[in-house]
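Q: Here is a sequence together with a model predicted from it:
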Amino acid sequence: MIKTVMIIAASAACLSCAQQGRYYEESGSVFHTLYHIKYNAPGILTDRIDAELQAFNLSVNPFNPNSVISKVNRNEDVEVDDRFIAVFNKAMEVSEHSGGVFDVTVAPLINLWGFGFEENDSISQQKIDSIKSFVGYKKIRLDGRKVIKDDPRMTLNFSAIAKGYASDVIAELLEREGVENYMVEIGGEVAVKGRNPNGNCWQIGINKPEDDRTGLHNEIERIVTLCSKSGLATSGNYRNYYLKDGKKYAHTIDPRTGYPSEQDLLSATIIAPDCMTADAYATTFMAMGVEAATRMAAGIPEIEYCLICPDSLTGGYKVKLSEGMNAMLTDAGHAFPPHYPPACSLLCRRERIFWNFTDMQSYGTGYSAVR
């Protein structure tokens with residue numbers, strides 16, 4: 001795990017924050033993605049954060065052959081831990097609410113299309129139909145700490161929800177340590193509470209949906225201002241995709257069809273009380289499309305949304321917002337520097353961290369969760 005640690009000076013506008021301790025900033029890589037954490041504490045918490053991340057890695061990372069989820073996928077006799085149970089139960093809840101549009105048992109289809117932890121370069125309708133016969137959230141359950149499968153070929157992939165929960169886990173750790181002001185971002189999934197080093201609400205950027213698999217183009221569409229404890233996640237199909245025979249295949253797989261989703265959404269940003277919930281519904285909305293997503297959101301009062309979809313009239317795109325989300329948004333032109341300052345390195349851009357170097361305030365992630 002590669003990481004850096006910085007100390008950030010709090011501004012005079014946040015004397016009460018400074019009296020409680022310094023702001024620390026930690027960044028690095030974990031779970032094949034990048035993370036960025038800011039928190040106000042009497043002392044640095046690097047060792048505790050690292051321990052939590054490694055414990056999480058050993059629980060629900062399907063790319064780690066020694067993880068609990070990998071052992072479950074291999075049908076080994078294993079008792080799952082509390083982290084696995086928390087993610088599994090939330091996944092089943094969202095699967096039920098969405099009528100199976102969100103489904104963590106879709107792992108074999110994700111692998112088939114080349115977006116998972118196994119590779120397969122041969123795709124046919126026959127293969128898709130065969131795999132669909134053992135995909136479905138109603139075919140798997142927990143019995144205590146044991147996973148019961150209706151078919152031993154079933155495998156799980158928590159990628160559409162786990163990074164959000166990882167952000168929650170670190171947030172919970174910080175709160176146990178008495179931290180009241182923090183921003184945790186893992187792979188673009190964000191958990192925040194309190195104030196930033198300037199004593200202001202945290203501001204998180206939502207990217208314009210530009211096709212870019214490098215992750216280097218980060219023009220901001222809107223800014224979300226978060227003043228209370230919240231989780232925010234974005235799912236989009238404009239970065240994790242591939243082209244084959246002139247056709248674009250995006251990473252969001254619709255378990256109902258077995259194919260990559262072709263809905264009318266470019267990205268979905270969700271705000272929820274916790275980041276795991278935001279993460280799950282962002283993916284769900286991408287697979288549902290605009291109309292079904294907004295109907296579903298009407299029945300879930302604890303979430304807010306920002307949906308970006310193509311505009312057939314202009315050839316560009318349009319934004320659909322919930323009422324609560326609209327109240328939290330700022331036009332990007334009024335809150336962010338228009339360009340990266342020269343001091344911002346390639347690593348800074350890849351981490352999607354946008355800085356105003358005039359007052360050294362971090363605005364947070366440039367996009368959340370393009371999985």
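A: Received, thanks. Residues are numbered from 1 along each chain as shown.

Q: and the helix or strand where Glu172 lies, how far from the chain's centre?
A: Assigned by DSSP states H and E, Glu172 falls within helix 162-176. Centre-to-centre, helix 162-176 and its host chain are 12 Å apart (Cα atoms, centre = their mean, to the nearest Å).

Q: just stretch 193-213 next, same as before
A: Distance, stretch centre to chain centre, for stretch 193-213: 13 Å (Cα atoms, centre = their mean).

Q: With stretch 191-206 instead?
A: Remark: stretch 191-206 is offset 17 Å from the chain centroid, using Cα atoms, centre = their mean.

Q: got a pLDDT number for the residue nearest to Leu45 when sequence neighbours are not counted?
A: Nearest non-adjacent residue to Leu45, counting by Cβ to Cβ, 6 or more residues apart in numbering: Glu177, 5.9 Å away. The way it works is simple: take the backbone N, C-alpha and C, and place the C-beta from them, glycine included. Glu177 is assigned 96 on the pLDDT scale.

Q: before we move on, the earlier item: next, the buried residues of the helix holding Glu172.
A: By neighbour count, with 16 or more other Cβ atoms under 10 Å as the criterion, the buried positions of helix 162-176 are Ala162, Lys163, Gly164, Tyr165, Ala166, Ser167, Asp168, Val169, Ile170, Ala171, Leu173, Leu174.

Q: Need the nearest residue in space to the third one, chain neighbours excluded.
A: Read it as Gly164. With sequence-adjacent residues excluded and distances taken as Cβ to Cβ, 6+ apart, Gly164 is closest to Asp279, at 2.7 Å.

Q: would you say Ile204 is within a helix?
A: No - secondary structure assignment (DSSP: H, G, I helix; E, B strand; the rest coil) places Ile204 in strand, not in a helix.

Q: just checking, it touches Ile223?
A: Yes - in terms of Cβ atoms under 8 Å, Ile204 counts as a neighbour of Ile223; the distance is 7.1 Å.

Q: ok, the two, which is more surrounded?
A: Set side by side, Ile204 and Ile223 show unequal neighbour counts under other Cβ atoms under 10 Å, the larger going to Ile204 at 28 against 21.

Q: Against Asn196, how distant is the more buried one?
A: In this structure, Ile204 and Asn196 are 11 Å apart, going by Cβ to Cβ, to the nearest Å.

Q: quick one: low-confidence parts of the stretch 201-350 of the chain?
A: Segments of the stretch 201-350 of the chain classed as low confidence (criterion: pLDDT under 70) are 210-218, 237-251, 261-263, 331-350.

Q: the strands in it, which residues?
A: Secondary structure of the stretch 201-350 of the chain, counting by DSSP state E, counting those that start in this stretch: strands at 202-207, 220-226, 230-236, 241-244, 247-250, 253-254, 259-260, 267-272, 304-310, 317-321, 329-331.

Q: returning to that earlier point: tell me, how many residues neighbour the residue nearest to Gly164?
A: Neighbour count of Asp279, defined by other Cβ under 10 Å: 38.

Q: surely it meets Ser159?
A: No - using Cβ under 8 Å, Asp279 is not in contact with Ser159; the gap is 9.6 Å.

Q: Pretty sure Leu109 sits against Lys132.
A: Yes - when contacts are counted by Cβ under 8 Å, Leu109 is listed as touching Lys132 (7.4 Å).
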